[in-house]
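Chemist: need the 3D shape of this:
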Amino acid sequence: MARNANWGLNSLADEVAGWFPKLSKEEQQLSLQLYRLLAQGSPVSPEQLAARLALPPELVLQTLRRWPGVFYDERERVIGYWGLALPEMAHRFTVNGRRLYTWCAWDSLFLPELIGETARVESTCPVTGTVVRLVVSPQAIIEMDPAGAVMSFLTPDAARVQEDVIIHFCHFVHFFRSAEAGQRWVSEHDGTFLLSMQDASILARRKNAIRYRDTVLIADQP
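Modeler: The predicted structure follows:
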């Protein structure tokens with residue numbers, strides 16, 4: 001069964017936030033602007049990001065090169081960043097009619113708050129083949145079909161995540177049409193467990209709050 005809200009989401013959020021590079025206040029702003037530009041549906045150049053932040057392009061490029069989880073096209077423009085991708089992947093993430101993708105199921109729950117946009121999410125249950133559909137606003141999941149959907153999760157160590165987050169984490173994080181389907185899958189994958197969608201959404205927002213602790217997110221603005 002999915003774990004309940006009393007088992008320690010705060011501790012899990014602290015652990016998950018530790019997988020990501022620690023960001024200064026200025027780097028938090030850079031990270032958020034990168035997400036928001038990428039969510040417009042086109043590759044993002046360091047020069048474009050630098051102009052948005054009124055920073056030297058060389059400084060922006062140096063910062064991006066230090067971070068894991070940044071992917072580029074042949075013109076050195078960003079096409080993927082910590083959960084959000086332009087190239088096609090398994091988890092579809094549509095924002096204002098723009099088809100984007102996420103690296104794993106959970107990304108689609110924390111990204112709307114960071115980009116300040118509502119997203120329509122479609123992802124296929126790996127056990128039943130059912131398409132799980134969500135509408136996720138910057139504040140919460142506002143629609144879900146099937147109603148009993150759950151999510152798998154994994155807690156590897158930070159070093160393995162930063163080495164290759166897609167292989168060591170994303171491949172284990174999926175939506176399932178039901179707790180029964182999810183339990184069948186996690187029973188065959190050591191280290192995985194189920195979260196209710198409510199807990200997965202709470203965990204997403206807590207991770208955001210920790211990682212962007214010095215920044216006002218769009219969803220928090222009056």
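
Chemist: make it CA atoms for all contacts and neighbour counts henceforth
Modeler: Noted.

Chemist: how far away is Trp82 from Arg66?
Modeler: Note on Trp82: its distance to Arg66, by C-alpha to C-alpha, to the nearest Å, is 13 Å.

Chemist: ok, those two, which is more surrounded?
Modeler: In this comparison of Trp82 against Arg66, neighbours counted by other C-alpha atoms under 10 Å, the higher total goes to Trp82 at 19 against 10.

Chemist: so who does the nearest residue in space to Gly69 that is not next to it in sequence touch?
Modeler: Spatial nearest neighbour of Gly69, chain neighbours left out: Trp82 (5.1 Å); criterion: C-alpha to C-alpha, 6 or more residues apart in numbering. Contacts for Trp82 (C-alpha atoms under 8 Å, 6 or more residues apart in numbering) come out as Gly69, Val70, Trp103.

Chemist: as a markdown table, the residues you listed with secondary structure and pLDDT would be great.
Modeler: Shown next, in a markdown table, are the contacts of Trp82 (DSSP: H, G, I helix; E, B strand; the rest coil; pLDDT from 0 to 100):
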| residue | secondary structure | pLDDT |
| --- | --- | --- |
| Gly69 | coil | 89 |
| Val70 | strand | 94 |
| Trp103 | coil | 96 |
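
Chemist: most surrounded residue in those?
Modeler: Of all those, Trp103 has the most neighbours under the rule other C-alpha under 10 Å, reaching 24 neighbours.

Chemist: and the pLDDT at Asn4?
Modeler: Model confidence at Asn4, expressed as pLDDT, equals 42.

Chemist: which intervals of the chain have sub-threshold pLDDT?
Modeler: Applying pLDDT under 70 to the chain flags the ranges 1-7, 156, 158-159, 218-222.

Chemist: spatially central, which residue of it would that be?
Modeler: Central residue of the chain (C-alpha atoms, centre = their mean): Asp107, 2.2 Å from the mean position.

Chemist: how far away is that one from Gly129?
Modeler: With distances taken as C-alpha to C-alpha, Asp107 is found 20 Å from Gly129.

Chemist: look up how far Arg177 lies from the residue of the chain most remote from its centre.
Modeler: No residue in the chain has its C-alpha farther from the mean C-alpha position than Pro56, which lies at 27.7 Å (C-alpha atoms, centre = their mean). Separation of Pro56 from Arg177 (C-alpha to C-alpha): 47 Å.

Chemist: could you do Ile115 as well?
Modeler: Taken as C-alpha to C-alpha, the span from Ile115 to Arg177 is 27 Å.

Chemist: repeat that for Ala85.
Modeler: Ala85 is 24 Å from Arg177, by C-alpha to C-alpha.

Chemist: give me the more crowded residue out of these two.
Modeler: Neighbour comparison, Ala85 and Arg177: the larger count goes to Ala85, with 27 against 24 (by other C-alpha under 10 Å).

Chemist: ok, now which ones touch the closest residue to Ala105 other than its chain neighbours?
Modeler: Once flanking residues are discounted, Ala105 sits nearest to His174: 5.0 Å by C-alpha to C-alpha, 6+ apart. When contacts are counted by C-alpha under 8 Å, 6+ apart, His174 touches Cys104, Ala105, Trp106, Ser123, Cys125, Pro126, Met151, Ser152, Phe153.

Chemist: can you redo these as JSON lines with neighbour count?
Modeler: JSON lines is the format used below for those (neighbours: other C-alpha atoms under 10 Å):
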{"residue": "Cys104", "neighbour count": "24"}
{"residue": "Ala105", "neighbour count": "29"}
{"residue": "Trp106", "neighbour count": "23"}
{"residue": "Ser123", "neighbour count": "23"}
{"residue": "Cys125", "neighbour count": "20"}
{"residue": "Pro126", "neighbour count": "15"}
{"residue": "Met151", "neighbour count": "25"}
{"residue": "Ser152", "neighbour count": "24"}
{"residue": "Phe153", "neighbour count": "21"}
